[in-house]
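> what shape does this take:
(chains A and B)
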Amino acid sequence: MAVLGLYNYWVFALLLMIGLYVVISRENLVKKLIGLSIFQSAVFLLYISMDKVDGGTAPILRADAENQLYSNPLPQVLILTAIVVGIATLALGLAIAVRINEAYGTIEEDELLEMDRE
Amino acid sequence: MSMPAASHLPVLPVIVPLLTAPLVVLLRERGLAWAATLAASACTFAMAVNLVGLVRAGGPLSYELGGWPAPYGIELAVDAFSALLLLIVTGASTVALLAARTSLEREIPAARQHLFYTAWLLALAGLIGIVVAGDAFNIFVFLEISSLATYILVAGGPRRQALPAVFKYLMMGTIGATFYLIGVGLVYMMTGTLNLADMAVRIREVTEVKPVLIAGGFITVGLALKAAVFPLHGWLPNAYRFAPHAATAFIAACSTKVALYVLVRFDFVVFRGNLPGSIEQFSVHVLPLAVAAIVLGSAIAVFERDLKRLLAWSSIAQVGYILLAVSLVSVTGLTAGVTHMFSHALAKGALFLAVACLAMTFADLSVEGLAGAARRMPITMAGFVAAGLSLIGVPGTVGFVSKWYLVLGALELGPRGALLIAPALASSLLAAVYIWRVVEAAWFLPGDADERRQEAPWWMLAVLWAAVLLNVYFGFRPGVPLELADSAAYVLLGLAGPES
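Below you'll find the predicted structure:
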């Protein structure tokens, strides 16, 4: 049961591997970027899972609640920053894909390699 | 500088380029944009020199961002190791910018130049931020600021091949950064802190070390991707080749070293001595890769046709040298590794500046394409050869100093160490071979019918030769970098400090 109780972390590992596999196995640059996004999202799940304290609630201080247990807010703040970084990376990656399409007329990696060889 | 400003010195080198960047977007006029970028970069260099002085006089500096004390607040920490890296980063940026104007004028459309300089400033701010940050998460944020900006610099290259090259760089760089983020998350999970110094203390109290060991693996592999450690170097040759020449000089001089800096700092300060078995694992895994990088990087460079790719493969070998020295895990070894960061930055920076000069006359930068270059550009080629000698490690150049310490460090290990010297020397010989290939083409091959002398503009030559002379100067007077590297080695090994 302990193993199943950690299912958040299993999903994290699974998403991470799915993302990495897509990045490695696909030739299409946009599909690669989708894989990269899945790969990064997995880490979001890792951070969000770790901040949960059993029985803890949202970390908002209230005068009427004494001895209230709170979840740790720091990993959420960290991952918010990482999400912004992820968005910037994805935007830049897509912009480069657009430029590649303008310059080569394709976004298939094998065709790009072929075109640069000649 | 007034007193309050002086007390904020550790944070100012990050703030100045970060605030100048939006200003440069608004300036639009490319001459002004260049001048503002250069001014900001020179300003950070002056601050770096100042910080080096402060650290040498009074030891490490700590700065509490916003007045919140560590470990809860964000701490900026400048010790000898970060001060030396700060000098490398700001110096490389300033020198490359001095020569960049004319070179970039040819490579970047006039309407986009101010945006290119903006990306340059952001890359600079990010690299400086990594070096001064005292906590693991800010290092991640600055790592990504510098990486995203560097992708833009590389994508600014005039040939379309720059685009697939930068796409590959973006993919591998992001995977590296994400691995680092996973590692930091796991360490945070077990220790509850992000401050590097605090982490080192709290890891000792962790009873279940397996997640921390796994974190160590993620962090090391992630940063190795960013630092182009063999066999994770795939992005580097084409990124260096197709980036604008001035940007290559800047990136090649400092960006892989900054990733190595974080890698070494994490593995030594945080994990070593606190995590059972971590440093043995580090040596066992890194040393063979370092040796492979040293031998294969140089061997491939010997057969490479394109000059910029040739120098890029040589960079992969030099990263191997740094790691080999570091994985000796001794004071001499670490001193050698840190000094080699400095000497390789000087040598490779000067070589790529020479490439930028060559590109002013030669459209084709393949080795054969440079036939007769010594007759058309004698001053540039003389500079190239002098910087090449520093890369090979000829006595009298800064390259010799760090390789000498590497040999000393290896010999401390006894007969086993002697085995490590063999690949290092073989690689230096191979370096002599690939630099000779360029010399042969430039001096002895018949060039085109066009033999007119056509040098690069005098200020580019002046900057190139200033960089070359620095290689020689530090070859004879390596005092300051060696002293900083030596104190860095003591800090990394957790020893009391060099006794004088």
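
> could you pull out the helices in chain A for me?
Under the criterion DSSP state H, chain A carries helices at the ranges A:2-5, A:7-25, A:29-50, A:74-104, A:109-117.

> so what pairs up with the residue of the stretch 301-450 of chain B at minimum distance from chain A in the strands?
Using CB to the nearest CB, the single residue of the stretch 301-450 of chain B nearest to chain A is B:Asp306, 12.8 Å away. Where C-beta positions appear, they are placed from N, C-alpha and C, glycine not excepted. Counting by DSSP bridges, B:Asp306 is bridged to B:Ser366.

> got a list of what it touches?
With contact set as CB atoms under 8 Å, 6 or more residues apart in numbering or on different chains, B:Asp306 has these partners: B:Arg241, B:Leu365, B:Ser366, B:Val367.

> so what's the closest residue to chain B within chain A up against?
In chain A, no residue comes nearer to chain B than A:Ala103, which is 4.0 Å away by CB to the nearest CB. By CB under 8 Å, 6+ apart, the contact set of A:Ala103 is B:Arg160, B:Leu163.

> how near is it to B:Pro164?
Separation of A:Ala103 from B:Pro164 (CB to CB, to the nearest Å): 9 Å.

> out of the helices of chain A, deepest packed?
Counting by mean count of other CB atoms under 10 Å in any protein chain shown, helix A:29-50 has the highest mean neighbour count of the helices of chain A, with a mean of 20.

> helix A:109-117 and that one, what's the angle between them?
Going by axes from the mean of the first three to the mean of the last three CA atoms, to 10 degrees, helix A:29-50 is angled at 130 degrees with respect to helix A:109-117.

> pretty sure A:Glu108 contacts A:Asn28?
Yes - A:Glu108 is within contact range of A:Asn28, at 5.9 Å (criterion: CB atoms under 8 Å).

> nearest residue to B:Ala110 other than its sequence neighbours?
Nearest-residue entry for B:Ala110: B:Arg30, 6.0 Å, with adjacent residues in sequence omitted and distances by CB to CB, 6 or more residues apart in numbering or on different chains.

> am I right that B:Tyr63 sits in a helix?
No - using DSSP: H, G, I helix; E, B strand; the rest coil, the assignment for B:Tyr63 is strand, not a helix.

> residue contacts, it?
Contacts of B:Tyr63 (CB under 8 Å, 6+ apart): B:His8, B:Leu9, B:Pro10, B:Val11, B:Glu75, B:Leu76, B:Ala77, B:Val78.

> ignoring the adjacent residues along the chain, who's closest to the residue in chain B that chain A sits nearest to?
In chain B, the residue that lies nearest chain A is B:Arg160 (4.0 Å; CB to the nearest CB). Nearest residue to B:Arg160, sequence neighbours excluded (CB to CB, 6+ apart): A:Ala103, at 4.0 Å.

> before we move on, back to that, let's see which of the contacts of B:Tyr63 end up in strands.
B:Glu75, B:Leu76, B:Ala77, B:Val78 (DSSP state E).

> quick one, phi/psi of the closest residue to the third one other than its chain neighbours?
Spatially, and ignoring its direct neighbours in sequence, B:Ala77 is nearest to B:Gly134 (3.6 Å; CB to CB, 6+ apart). Backbone torsions for B:Gly134, taken as degrees, to the nearest 10, come to phi -100, psi 0.

> how much space between B:Gly134 and B:Val270?
Distance from B:Gly134 to B:Val270, by CB to CB: 12 Å.

> and for B:Val201, the neighbour number?
B:Val201 is flanked by 14 other residues according to other CB atoms under 10 Å in any protein chain shown.

> from B:Gly183, how far off is it?
Separation of B:Val201 from B:Gly183 (CB to CB) stands at 18 Å.

> thought B:Ile203 was touching B:Asn274?
Yes - under the criterion of CB under 8 Å, B:Ile203 makes contact with B:Asn274 at 4.2 Å.

> how about the contacts made by residue 17?
No chain in the question, so chain A it is. No contacts exist for A:Met17 under CB under 8 Å, 6+ apart.

> wrong one, chain B
B:Pro17 touches B:Ala40, B:Ser41, B:Thr44, B:Leu121, B:Leu122, B:Leu124, B:Ala125, B:Ile128, counting by CB under 8 Å, 6+ apart.

> the second one: which element?
Think B:Ser41. Per DSSP states H and E, B:Ser41 falls inside helix B:30-58.

> list the buried residues in that helix.
B:30, B:33-38, B:40-45, B:47-48, B:50-52, B:54-55 (16 or more other CB atoms under 10 Å in any protein chain shown).

> same check on stretch B:445-462?
Quick answer for stretch B:445-462 (16+ other CB under 10 Å): B:Gly447, B:Ala456, B:Met460, B:Leu461.

> how about the residues you listed, which pair is most distant?
Longest distance between any two of those is 20.9 Å, between B:Gly447 and B:Met460; criterion CB to CB.

> distance of the nearest residue to A:Gly86 once chain neighbours are set aside from A:Leu15?
Nearest residue to A:Gly86, sequence neighbours excluded (CB to CB, 6+ apart): A:Gln40, at 4.5 Å. As for A:Gln40, its distance to A:Leu15 is 10 Å (criterion: CB to CB).

> show me where the chain dips below the pLDDT cut-off.
In the absence of a named chain, this looks at chain A. Scanning chain A with the threshold set as pLDDT under 70 gives A:1-4, A:118.

> actually chain B
In chain B, residues with pLDDT under 70: B:1-5, B:273, B:449-450, B:496-500.

> for the closest residue to B:Arg452 other than its chain neighbours, what are its contacts?
Spatial nearest neighbour of B:Arg452, chain neighbours left out: B:Arg376 (6.8 Å); criterion: CB to CB, 6+ apart. By CB under 8 Å, 6+ apart, the residues touching B:Arg376 are B:Thr361, B:Gly447, B:Asp450, B:Glu451, B:Arg452, B:Arg453, B:Gln454, B:Glu455.

> count of residues packed around residue 60?
Using chain A here. 9.

> the intended chain is chain B.
17.

> ok, it touching B:Glu75?
No - the criterion here is CB under 8 Å, and B:Pro60 misses it with B:Glu75 at 11.1 Å.

> these two touch, right, B:Trp443 and B:Ala374?
Yes - contact criterion CB under 8 Å: B:Trp443 and B:Ala374 qualify, at 4.4 Å.
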